[in-house]
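# Just a sequence and a predicted model for now, questions to come.
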Amino acid sequence: MIENVSRKKRPREWSRVVLLSLIMVIILLGGRCEALEVWVTNPWLAMLTRFIGGVQVTVQPVVTWGEKGEAVKARKLPPAGAVVITLDHVEGIRLLGKGFEGKYSAFLLFDRMPSVADVDESFMDPAALPFIGLRILQILSSCKPGEYDYFQRRLAEFQARLDSTVIVGRNMIGESAILDLCWKYGRWLQAASGRTVRPPSHVKEEWSRSQAMDVLDTALGEARRQGWIIVVDPWTPDVVRERLEENSRSIELPAPRMEGDFILFLYDQYLRIWDFLRRHP
């Protein structure tokens, strides 16, 4: 008797399972449809916006990176009325045209942007990244107020993972001496290494114009005598790279990938240096 009753209940139980499954699918699909589409004019900013926005935001980059880190403008521009985040008013005009603020729901990351070099390095600076992330949170929350708590949790996760990655980097690199010939990754190196030698910005500008090359040769000679490693990034000028062709203690860090996780990308830079140090003691 009991067995017959249990058999009769099984179809009802299966119906409930199917119904709950359908409800979950509807919720998930509905969540995807409600994701905020955001167009971003800077690839660094696009990576960070994707992290802070999580599943609640779909990021469309206006500019991406090529294989060697070169800027590549997307063929597709934002539709009228789209939410657009740009570094400042000047960049908005350059990439989207005059009057873009009237055409789009536009937000500026900076009221007045510092130099291009400083902005690029800020996205690799653990001291500046949380403040940029906070500004992104403010922008996304103004577009989607109901998800403020979600964006806040994502920012907190970003800050926690950023801090732990820097700590891991310090354990990996420690007191290893580095001659920093990166054009954009320098502040990330300095966060982990207590012995990073970095040329002043005006000297690097001279080198990029093939000037003051005797100063570069002196720096490279000192690095060779001291046993330092030399680190370059995709934006290091060719005229500087040519001086490193016969140097076995130089390493080039790769360009970022738009689809990658921002924190994992940052961690990978430390991992590559650690692996290089392990193979070149």
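That came in fine, so what should we check first?
# Where does the prediction get shaky in the stretch 1-150 of the chain?
Counting by pLDDT under 70, the stretch 1-150 of the chain has low-confidence residues at 1-33, 112-117.
# just the helices in it please.
2-33, 43-53, 89-96, 100-103, 116-122, 129-143, 148-173 (DSSP state H, counting those that start in this stretch).
# buried ones in stretch 259-266?
Using 16 or more other CB atoms under 10 Å as the test for burial, stretch 259-266 gives F262, I263, L266. Quick note: C-beta positions are derived from backbone N, CA and C, even for glycine.
# With only the CA atoms kept, save it in PDB.
Extracted as PDB, the C-alpha positions of stretch 259-266 are listed here (Å, rounded to 0.1, in the frame of the first residue of the first chain):
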ATOM      1  CA  GLU A 259      38.800  39.100 -22.500                       C
ATOM      2  CA  GLY A 260      41.000  38.300 -19.500                       C
ATOM      3  CA  ASP A 261      40.500  38.700 -15.800                       C
ATOM      4  CA  PHE A 262      42.200  42.000 -14.700                       C
ATOM      5  CA  ILE A 263      43.600  40.600 -11.500                       C
ATOM      6  CA  LEU A 264      44.900  37.400 -13.100                       C
ATOM      7  CA  PHE A 265      46.600  39.500 -15.700                       C
ATOM      8  CA  LEU A 266      48.300  41.500 -13.000                       C
END
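# let's have the chain start at 894 instead
Fine by me, first position is 894 from now on; the one you just mentioned is stretch 1152-1159.
# pLDDT averaged over that stretch - what is it?
Mean pLDDT, computed over stretch 1152-1159, is 94.
# Kindly report the same for stretch 1045-1065.
On average, stretch 1045-1065 scores 97.
# Run the chain-centre distance for it.
Its chain's average C-alpha position is 13 Å from that of stretch 1045-1065, according to CA atoms, centre = their mean, to the nearest Å.
# List the contacts of it.
With CB atoms under 8 Å, 6 or more residues apart in numbering as the test, stretch 1045-1065 has contacts from 941, 944-947, 1019, 1022-1023, 1026-1027, 1029-1030, 1084-1087, 1155-1156, 1159-1160, 1163-1164, 1166-1167.
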